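Novice: A structural model of the following input is requested.
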Amino acid sequence: MIDPKFWADDKMMSLTTRHRLLFIGIWNFSDDGGIHKNNNTVLKAEIFPCDDISINEVGELKQGLIDAGLIIELNLMLIKKKYSVL
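Specialist: Residues are numbered from 1 along each chain as shown. Below you'll find the model as predicted:
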């Protein structure tokens, strides 16, 4: 379940709808340790299967999450930082 505070968080409010959806999707498809395969094609298939969005656009959205400090990139994996609202 997504905490309602998520939607009012300053970082979340500064992101586009697609950024927020990608973040929630990565969160949803990550394993219990917060690990998800770093592959834009996989992210597109899992999170945007029927949406008119290119694999390159998914990569740009992912980079936006990295730039916002919401996920970090390590080798071939994405690791979701623990998310908490103060």
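
Novice: And the lowest mean pLDDT element among the helices and strands of the protein?
Specialist: Using mean pLDDT, DSSP states H and E, strand 77-80 stands out as the lowest-scoring helix or strand of the chain, at a mean of 57.

Novice: Which helix or which strand is home to the spatially most central residue of the chain?
Specialist: What sits nearest the mean C-alpha location of the chain, by C-alpha atoms, centre = their mean, is Phe23, with 2.3 Å. For Phe23, the element it lies in under DSSP states H and E is helix 17-29.

Novice: Distance from that helix to the middle of the chain?
Specialist: Per C-alpha atoms, centre = their mean, to the nearest Å, the displacement of helix 17-29 from the mean C-alpha position of its chain is 4 Å.

Novice: helices or strands next to it in the packing?
Specialist: If contacts are counted by 3 or more C-beta pairs under 8 Å, 6 or more residues apart in numbering; DSSP states H and E, helix 17-29 sits against helix 40-47, helix 55-67, strand 77-80. All C-beta spots, glycine's among them, are computed from the backbone N, C-alpha and C.

Novice: returning to what we had before: quick one: residues contacting the residue nearest to the centre of the chain.
Specialist: Met12, Leu15, Leu65, Leu70, Ile71 (C-beta atoms under 8 Å, 6 or more residues apart in numbering).

Novice: which stretch among the helices and strands packed on helix 17-29 comes nearest Gly34?
Specialist: Closest approach to Gly34 among the helices and strands packed on helix 17-29 (C-beta to C-beta): strand 77-80, 4.2 Å.

Novice: could you point out where the chain is predicted with low confidence?
Specialist: 75-86 (pLDDT under 70).

Novice: I'd like the distance from Phe23 to Ile47, if you could.
Specialist: As judged by C-beta to C-beta, to the nearest Å, Phe23 and Ile47 stand 10 Å apart.
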